[in-house]
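# Quick one: sequence and predicted model below, then my questions.
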Amino acid sequence: MNKMNIAIDGPAGAGKSTVARIVATKLGYVYVDTGAMYRAVTWKALSSGLTPDQSEPIAAMAQSMRLVLQPGHNGQVVLADGQDVTEMIRSPQVTANVSQVSQIPAVRERLVKMQKELAQAKGVVMDGRDIGTQVLPDAEVKVYLTASLRERAMRRFDEMKTKHPDLTIEQAEQDLAERDRKDQEREVSPLRQANDAILLDTTGMGIEQVAERILEISQASAGKGA
Ligand code: DC
């Protein structure tokens, strides 16, 4: 089967990264978590003492920053200027600021360029917000993954409760709704379903079931000679 590119977009907490990782492993493809790239820039900005509204210095920093995504034993390792930031980029502080940083056009320009390069040789499963619309408009498979806000909040709560025992489901729901709003309303490459993407509402579905469905869609697409 010829290698394809698979684009998975959708709102926060829809299970994109878990599903994308399973699909990539099953197909022997490379998984690229583009959210982690925006998170790494946000982490670097915050740890350099910048606030997310300082778009010019953040843009300059994003231009010169060395960003590497590499496969590790427990998933993808993210290196920012040589430092392993895999854990740090998941902090509530980064999560609360990443939507604002990802609105800066020069940050998007730099990261989108990198993402296109990563997918050039095909055989990539890439997840994000604008993969099907902007980064890989020619991807052979495009899926828009969503789930009800309540279910996404429950999943996020389950993921975070050990490390962040103060988080409530209501707070998780509020945080996700706020991030969705910012990601959908921004001017540059807002979150939206590509016209040719397949909508998958995963409310009530298990992760393995969702991954199976994407593998079926991919096989059907390969069968069409995509
Ligand atoms: O997928 P995630 O929750 O780790 O993404 C974090 C943020 O990064 C998300 O709220 C918006 C931004 N993002 C983006 O603007 N474009 C992408 N392709 C991926 C993420």
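Looks like it arrived, so ask away.
# Need the per-residue pLDDT for residue 73.
With respect to pLDDT, residue 73 scores 73.
# ok, residue 197 to residue 182 distance?
Residue 197 is 21 Å from residue 182, where distance means Cβ to Cβ, to the nearest Å. For glycine as for every other residue, the C-beta is placed from the backbone atoms N, C-alpha and C.
# So which of those two has more stuff around it?
residue 197 (21 against 17; other Cβ atoms under 10 Å).
# Give me the nearest residue to the more buried one, chain neighbours excluded.
residue 142 (3.8 Å; Cβ to Cβ, 6 or more residues apart in numbering).
# The one you found sits in which helix or strand?
According to DSSP states H and E, residue 142 maps onto strand 141-146.
# Same check on residue 32?
Using DSSP H and E, the element containing residue 32 is strand 30-33.
# what is the mean pLDDT for that strand?
The average pLDDT for strand 30-33 rounds to 94.
# Do I have it right that residue 77 meets residue 83?
No: counting by Cβ atoms under 8 Å, residue 77 stays clear of residue 83, with 11.0 Å between them.
# C-alpha coordinates for the helix-or-strand element of the chain with minimal mean pLDDT, CSV please?
Using mean pLDDT, DSSP states H and E, the weakest-scoring helix or strand in the chain turns out to be strand 67-72, at a mean of 88. Taking Å, rounded to 0.1, in the frame of the first residue of the first chain, the C-alpha atoms of strand 67-72 are listed here in CSV:
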residue,chain,number,x,y,z
LEU,A,67,12.2,22.5,18.1
VAL,A,68,12.6,18.7,17.7
LEU,A,69,9.9,16.0,18.0
GLN,A,70,11.3,12.5,18.5
PRO,A,71,9.7,9.1,19.2
GLY,A,72,10.4,7.9,22.7
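# Show the subsequent helix or strand relative to that strand.
Later in the chain than strand 67-72, the nearest helix or strand by DSSP H and E is strand 75-80.
# For whatever helix or strand comes next after that next one, what is the distance to the chain centroid?
Counting by DSSP H and E, the next helix or strand C-terminal to strand 75-80 is strand 83-84. Counting by Cα atoms, centre = their mean, to the nearest Å, strand 83-84 is centred 19 Å from the centre of its parent chain.
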